[in-house]
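Undergrad: no sequence for this one, just the structure:
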């Protein structure tokens, strides 16, 4: 593993009007136990995984530095546990802030991500301000890279319309990302996830950056599917 100093994780929330359901406190024990379980599973993998970025991140970093524009890494929701390992040694200036929501399923993973040094920003689902507008305002204010899982909260395998809208409004580059690992465990029900195993090998495949001003749902979908095909053995 790299000798870079450990990053300090942090969770912050959108400062927008929001309703809170009365039963939310009842979920706290489940949220805590889920995050502990996730951290206990990921930690030995995070310490022992061998990571390779394909292609290396050098050109992507130069693009971001040269243009001064943020990067929006986007991928399928199933790869979320693998990305915790994939970004382990990425330089701080390239690290994306993970985007989550304040619903139960997202909260069950958030604290574990922060324990591994990731920064997360949480939008409010029960707010008169739509999530995409909350995200746009955050990126415009902070100018940071972000990570979005395109099928979170929607049909699996379909890019959501808000993705290109966010990139266009924030003058960002969109970076399709697919993470493969071997060996791993696939969970297909009730949710799609892929979990690494200790001492696994991990390949983080990313496509060429897409100018947010030219992005459409079809362009983003086709780019991510192309990276998936190329990431397959023999692809």
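TA: It's in. If you're wondering where the values come from, they're calculated on a predicted model, not measured in any experiment.
Undergrad: mind listing what's buried in the helix or strand hosting residue 221?
TA: In the assignment (DSSP states H and E), residue 221 maps to helix 217-231. For helix 217-231, burial by neighbour count (16 or more other CB atoms under 10 Å) applies to 217, 219, 220, 221, 223, 224, 227, 228, 231. All C-beta atoms are positioned from the backbone trio N, CA, C, and that covers glycine.
Undergrad: likewise stretch 35-45?
TA: 35, 38, 39, 41, 42, 45.
Undergrad: what does stretch 134-152 give?
TA: For stretch 134-152, the neighbour count (16+ other CB under 10 Å) marks 134-139, 144-152 as buried.
Undergrad: of these, which is the nearest to residue 108?
TA: residue 152 (12.9 Å; CB to CB).
Undergrad: show me what the longest helix along the chain is packed up against.
TA: Ranked by residue count under DSSP state H, the longest helix found in the chain is helix 28-48. If you count contacts as 3 or more CB pairs under 8 Å, 6 or more residues apart in numbering; DSSP states H and E, helix 28-48 packs onto helix 80-86, helix 104-115, strand 193-206.
Undergrad: who does the helix or strand just after that helix touch, helix- and strand-wise?
TA: Per DSSP H and E, the first helix or strand lying C-terminal to helix 28-48 is strand 50-54. Counting contacts by 3+ CB pairs under 8 Å, 6+ apart, strand 50-54 packs against helix 80-86, strand 193-206.
Undergrad: separation between residue 156 and residue 193?
TA: Per CB to CB, to the nearest Å, residue 156 is found 11 Å from residue 193.
Undergrad: return the subset of the buried residues of stretch 134-152 lying in strands.
TA: Among the buried residues of stretch 134-152, the residues falling in strands (DSSP state E) are 146, 147, 148, 149.
Undergrad: between the residues you listed, which is nearest residue 69?
TA: residue 146 (12.3 Å).
Undergrad: and that closest one, what does it touch?
TA: By CB atoms under 8 Å, 6 or more residues apart in numbering, the contact set of residue 146 is 70, 71, 72, 73, 96, 97, 98, 99, 121, 135, 139.
Undergrad: neighbours of residue 165, how many?
TA: 18 (other CB atoms under 10 Å).
Undergrad: same question for the one 5 residues further on.
TA: Close neighbours of residue 170, defined as other CB under 10 Å, add up to 21.
Undergrad: same question for the one 3 residues further on.
TA: As a burial measure, the neighbour count of residue 173 was computed by other CB under 10 Å and equals 22.
Undergrad: what's the spacing between the closest residue to it other than its chain neighbours and residue 198?
TA: Nearest non-adjacent residue to residue 173, counting by CB to CB, 6 or more residues apart in numbering: residue 209, 3.9 Å away. In this structure, residue 209 and residue 198 are 33 Å apart, going by CB to CB.
Undergrad: span of stretch 207-221 from start to end?
TA: 12 Å (CA to CA, to the nearest Å).
Undergrad: need the contact partners of it.
TA: With contact meaning CB under 8 Å, 6+ apart, stretch 207-221 is reached by 60, 63, 71-72, 74, 150, 158-161, 163-164, 166-168, 170-177, 223-224, 226-227.
Undergrad: rounded mean pLDDT for it, please.
TA: Averaging pLDDT along stretch 207-221 yields 95.
Undergrad: now do the contacts for the residue nearest the centre of the chain.
TA: By CA atoms, centre = their mean, the chain has its centre lying nearest to residue 147, at 3.7 Å. Counting by CB under 8 Å, 6+ apart, residue 147 touches 72, 73, 74, 75, 83, 96, 97, 98, 99.
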